[in-house]
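A.B. asks: Give me coordinates for this.
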Amino acid sequence: MFVLVTGGAGYIGSHTCIELIKAGFEPVIIDNLSNSKLVVLDRIETITGKRPAFMEGDILDSAFLDAVFAQYSFAAVMHFAGLKAVGESVQKPLWYYENNVSGTLNLIKAMALGFVIIFMWWIWRVVMSVRWTRCWRMPGIMW
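C.D. replies: Sure thing, here's the model as predicted:
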């Protein structure tokens, strides 16, 4: 089963991909590489023996997301493509809002068109070092 991992080349996303592969899933990473490097894919392969699929792109690009969902049938989406630096977020609040809110909405819209019903979103409260994980089922879908 394919699992989309946004921000999968980052620290948390790459570790999640390792665990997904160990559990028998096939992660598909999308990342704009603004805060990560492609060498992470080599490291995932070294650890697991499998190289995850990778597509470079941004969650702000709806056409890119539509193409990803057209290519794969995902069982779930794990969303780690958020900006999180407190100092920078104070200096560039609109950039953070656009990426974290608009990008997430683009992803949810693409999920709805792709009939993906499981969404896991990692929220990191940097200042307080408190972590929450939110998991939603898409509304309007019968179980």
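A.B. asks: how many other residues sit next to the residue lying closest to M1 once chain neighbours are set aside?
C.D. replies: Leaving aside its sequence neighbours, M1 sits nearest to A75 (Cβ to Cβ, 6 or more residues apart in numbering; 4.1 Å). All C-beta atoms are positioned from the backbone trio N, CA, C, and that covers glycine. By other Cβ atoms under 10 Å, the residues close to A75 number 14.
A.B. asks: ok, A75 - contacts?
C.D. replies: Shown in contact with A75 (Cβ atoms under 8 Å, 6 or more residues apart in numbering): M1, F2, V3, F25, V116, I118.
A.B. asks: Next, format those residues as a markdown table and append neighbour count and pLDDT.
C.D. replies: What follows is those, written out as a markdown table (neighbours: other Cβ atoms under 10 Å; pLDDT from 0 to 100):
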| residue | neighbour count | pLDDT |
| --- | --- | --- |
| M1 | 11 | 93 |
| F2 | 17 | 95 |
| V3 | 25 | 95 |
| F25 | 18 | 96 |
| V116 | 23 | 75 |
| I118 | 15 | 68 |
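A.B. asks: For the protein, just list every one of the strands.
C.D. replies: In chain order, the chain shows strands spanning 2-6, 26-31, 53-56, 74-79, 118-125, 130-137, with DSSP state E as the criterion.
A.B. asks: partner strands of the fourth one, parallel or antiparallel?
C.D. replies: The reference is to strand 74-79. Here strand 74-79 is paired, per DSSP bridges, with strand 2-6 (parallel), strand 118-125 (parallel).
A.B. asks: Would you single out the least confident of those strands?
C.D. replies: Per-stretch mean pLDDT for the strands paired with strand 74-79 is lowest at strand 118-125 (a mean of 56).
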